[in-house]
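>>> Let's see this in three dimensions:
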Amino acid sequence: MFLDRDGVINIDSHYIFRPEQFEVIDGVFDALRRARTLGYALIVVTNQSGIARGYFSLAEYFTLEAHMRAVFAEEKINFDGIYHCPHHPDGIVAQFAIACRCRKPQPGMILQAACEHDIDLGNSILVGDKDSDILAAGAAGVGQSYLLDPPRFMLKDIILH
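Modelled structure (predicted):
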(Lines give C-alpha, C1' and ligand atoms only; values in the text may rest on other atoms or scores of the structure.)
Protein backbone atom coordinates (compact mmCIF):
# COMPACT_ATOMS: atom_id res chain seq x y z
CA MET A 1 0.00 0.00 0.00
CA PHE A 2 1.37 3.35 -1.05
CA LEU A 3 0.44 6.35 1.09
CA ASP A 4 0.94 10.03 0.60
CA ARG A 5 2.00 11.69 3.86
CA ASP A 6 0.54 15.18 4.32
CA GLY A 7 -3.24 15.03 4.22
CA VAL A 8 -3.39 11.21 4.38
CA ILE A 9 -1.31 10.24 7.42
CA ASN A 10 -0.99 13.59 9.13
CA ILE A 11 -2.88 16.85 9.06
CA ASP A 12 -1.54 18.97 6.22
CA SER A 13 -0.70 22.28 7.84
CA HIS A 14 1.40 23.49 4.91
CA TYR A 15 5.12 22.63 4.74
CA ILE A 16 5.50 20.98 8.11
CA PHE A 17 9.04 20.15 9.20
CA ARG A 18 9.08 20.42 13.00
CA PRO A 19 8.08 17.41 15.10
CA GLU A 20 5.62 19.52 17.09
CA GLN A 21 3.76 20.28 13.84
CA PHE A 22 3.16 16.59 13.12
CA GLU A 23 -0.40 15.56 14.03
CA VAL A 24 -1.69 12.14 13.01
CA ILE A 25 -5.15 12.12 11.45
CA ASP A 26 -7.82 10.38 13.51
CA GLY A 27 -8.20 6.71 12.65
CA VAL A 28 -4.86 6.32 10.82
CA PHE A 29 -3.28 3.98 13.38
CA ASP A 30 -6.22 1.56 13.24
CA ALA A 31 -6.36 1.78 9.45
CA LEU A 32 -2.68 0.95 9.05
CA ARG A 33 -2.89 -1.92 11.53
CA ARG A 34 -5.78 -3.31 9.46
CA ALA A 35 -3.83 -2.85 6.21
CA ARG A 36 -0.97 -4.81 7.75
CA THR A 37 -3.29 -7.68 8.74
CA LEU A 38 -4.51 -7.73 5.13
CA GLY A 39 -0.91 -8.32 4.06
CA TYR A 40 -0.01 -4.90 2.70
CA ALA A 41 3.44 -3.39 2.92
CA LEU A 42 3.26 0.22 4.11
CA ILE A 43 5.15 2.59 1.82
CA VAL A 44 5.04 6.38 2.11
CA VAL A 45 5.62 8.41 -1.08
CA THR A 46 5.70 12.13 -0.38
CA ASN A 47 6.52 15.25 -2.36
CA GLN A 48 8.52 17.61 -0.16
CA SER A 49 9.02 20.69 -2.32
CA GLY A 50 9.58 22.76 0.83
CA ILE A 51 13.19 21.56 0.61
CA ALA A 52 13.68 22.96 -2.91
CA ARG A 53 11.77 26.10 -1.99
CA GLY A 54 14.11 26.73 0.95
CA TYR A 55 11.38 26.48 3.60
CA PHE A 56 13.28 23.75 5.43
CA SER A 57 16.45 21.74 4.99
CA LEU A 58 16.95 18.11 4.10
CA ALA A 59 18.22 17.58 7.66
CA GLU A 60 15.02 19.07 9.07
CA TYR A 61 12.98 16.79 6.79
CA PHE A 62 14.86 13.74 8.13
CA THR A 63 14.32 14.90 11.73
CA LEU A 64 10.57 14.99 11.09
CA GLU A 65 10.68 11.60 9.34
CA ALA A 66 12.47 10.08 12.36
CA HIS A 67 9.82 11.60 14.64
CA MET A 68 7.04 10.17 12.45
CA ARG A 69 8.64 6.71 12.54
CA ALA A 70 8.89 6.92 16.35
CA VAL A 71 5.25 8.00 16.74
CA PHE A 72 4.10 5.06 14.65
CA ALA A 73 6.52 2.61 16.29
CA GLU A 74 4.93 3.47 19.66
CA GLU A 75 1.69 2.20 18.10
CA LYS A 76 3.47 -0.97 16.85
CA ILE A 77 3.33 0.23 13.22
CA ASN A 78 6.48 0.23 11.11
CA PHE A 79 6.77 1.54 7.59
CA ASP A 80 8.47 -0.70 5.05
CA GLY A 81 9.76 2.37 3.24
CA ILE A 82 9.49 6.12 3.15
CA TYR A 83 10.35 7.86 -0.10
CA HIS A 84 10.45 11.60 -0.54
CA CYS A 85 11.01 13.94 -3.45
CA PRO A 86 12.86 17.14 -2.45
CA HIS A 87 12.65 18.63 -5.95
CA HIS A 88 10.66 21.40 -7.55
CA PRO A 89 11.54 23.10 -10.84
CA ASP A 90 10.75 26.52 -9.34
CA GLY A 91 12.82 25.94 -6.21
CA ILE A 92 15.46 28.35 -4.94
CA VAL A 93 17.89 25.70 -3.62
CA ALA A 94 19.94 24.99 -6.73
CA GLN A 95 20.62 21.28 -6.15
CA PHE A 96 16.89 20.58 -5.77
CA ALA A 97 15.51 23.08 -8.31
CA ILE A 98 15.01 20.54 -11.07
CA ALA A 99 12.31 18.68 -12.93
CA CYS A 100 12.63 15.02 -11.99
CA ARG A 101 10.98 11.62 -12.35
CA CYS A 102 10.30 11.23 -8.64
CA ARG A 103 8.01 14.21 -8.04
CA LYS A 104 4.39 13.13 -8.27
CA PRO A 105 2.61 13.04 -10.72
CA GLN A 106 5.72 11.27 -12.06
CA PRO A 107 5.91 7.63 -10.94
CA GLY A 108 9.56 7.51 -9.81
CA MET A 109 9.09 7.04 -6.06
CA ILE A 110 6.47 4.34 -6.58
CA LEU A 111 8.56 2.47 -9.14
CA GLN A 112 11.67 2.64 -6.94
CA ALA A 113 9.74 1.34 -3.92
CA ALA A 114 8.15 -1.46 -5.97
CA CYS A 115 11.57 -2.55 -7.19
CA GLU A 116 13.25 -2.37 -3.78
CA HIS A 117 10.41 -4.16 -1.96
CA ASP A 118 9.33 -6.60 -4.69
CA ILE A 119 5.80 -5.15 -4.81
CA ASP A 120 3.24 -6.26 -7.38
CA LEU A 121 1.96 -2.88 -8.57
CA GLY A 122 -1.14 -4.32 -10.23
CA ASN A 123 -2.30 -5.68 -6.87
CA SER A 124 -1.38 -2.55 -4.95
CA ILE A 125 -3.32 0.42 -3.63
CA LEU A 126 -2.31 4.08 -3.44
CA VAL A 127 -4.08 6.52 -1.16
CA GLY A 128 -3.55 10.22 -1.78
CA ASP A 129 -5.20 13.57 -1.31
CA LYS A 130 -4.20 15.29 -4.55
CA ASP A 131 -4.72 14.59 -8.23
CA SER A 132 -0.95 14.29 -8.61
CA ASP A 133 -1.01 11.25 -6.30
CA ILE A 134 -3.62 9.52 -8.44
CA LEU A 135 -1.82 10.39 -11.67
CA ALA A 136 1.43 8.95 -10.28
CA ALA A 137 -0.38 5.75 -9.33
CA GLY A 138 -1.77 5.43 -12.85
CA ALA A 139 1.61 6.11 -14.46
CA ALA A 140 3.21 3.44 -12.27
CA GLY A 141 0.52 0.84 -12.94
CA VAL A 142 -0.90 0.73 -9.42
CA GLY A 143 -4.07 -1.38 -9.48
CA GLN A 144 -6.28 0.84 -7.31
CA SER A 145 -6.01 4.42 -6.17
CA TYR A 146 -8.15 6.46 -3.83
CA LEU A 147 -8.41 10.23 -3.64
CA LEU A 148 -9.28 11.30 -0.11
CA ASP A 149 -11.73 14.10 0.47
CA PRO A 150 -11.41 15.02 4.15
CA PRO A 151 -13.37 15.35 6.28
CA ARG A 152 -15.88 13.16 4.40
CA PHE A 153 -13.51 10.46 3.18
CA MET A 154 -10.32 9.51 5.07
CA LEU A 155 -7.88 6.61 5.15
CA LYS A 156 -9.87 4.84 7.84
CA ASP A 157 -12.90 4.83 5.50
CA ILE A 158 -10.97 2.85 2.89
CA ILE A 159 -9.22 0.33 5.12
CA LEU A 160 -11.61 -0.24 7.98
CA HIS A 161 -14.76 -0.76 5.92
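>>> correct me, but Met1 touches Gly128?
No - the criterion here is CB atoms under 8 Å, and Met1 misses it with Gly128 at 11.5 Å. In this view, the C-beta of every residue, glycine as well, is placed from N, C-alpha and C.
>>> Can you give me the buried ones in stretch 74-81?
Ile77, Phe79, Gly81 (16 or more other CB atoms under 10 Å).
>>> Give me the spatial nearest neighbour of the first one, chain neighbours excluded.
Spatial nearest neighbour of Ile77, excluding adjacent residues (CB to CB, 6 or more residues apart in numbering): Leu32 at 5.1 Å.
>>> and that neighbour, how many neighbours?
25 (other CB atoms under 10 Å).
>>> May I have the predicted confidence score for Lys156?
Note for Lys156: predicted pLDDT of 72.
>>> before we move on, what SS does it have?
Recorded secondary structure, Lys156: helix (DSSP: H, G, I helix; E, B strand; the rest coil).
>>> Distance-wise, check the closest residue in space to it that isn't next to it in sequence relative to Leu155.
Closest residue to Lys156 apart from its sequence neighbours, by CB to CB, 6+ apart: Gly27 at 3.1 Å. Noted for Gly27: a distance of 7 Å to Leu155, by CB to CB, to the nearest Å.
>>> The two: which has the busier surroundings?
Higher neighbour count among Gly27 and Leu155: Leu155, with 27 against 14, using other CB under 10 Å.
>>> Point me to the helix or strand that includes the closest residue to that one other than its chain neighbours.
Among residues not flanking Leu155 along the chain, Ala31 sits closest, at 4.7 Å (CB to CB, 6+ apart). According to DSSP states H and E, Ala31 maps onto helix 28-37.
>>> SS state for Ile82?
Three-state assignment for Ile82 (three-state DSSP): strand.
>>> list the contacts for the closest residue to it other than its chain neighbours?
Ranked by CB to CB, 6+ apart and with sequence neighbours excluded, the top spatial neighbour of Ile82 is Val44, at 4.3 Å. Residues counted as contacts of Val44 (CB atoms under 8 Å, 6 or more residues apart in numbering) are Phe2, Leu3, Asp4, Arg5, Ile9, Phe79, Gly81, Ile82, Tyr83.
>>> which residue sits farthest out from the middle of the protein?
Within the chain, the residue lying farthest from the chain centre (CA atoms, centre = their mean) is Ala94, at 24.1 Å.
>>> related to what we said a few turns ago, just checking: what are the partner strands of whatever helix or strand comes next after the helix holding Ala31?
The helix or strand immediately downstream of helix 28-37 is strand 43-47, counting by DSSP H and E. With DSSP bridges as the test, strand 43-47 is paired with strand 2-3 (parallel), strand 81-85 (parallel).
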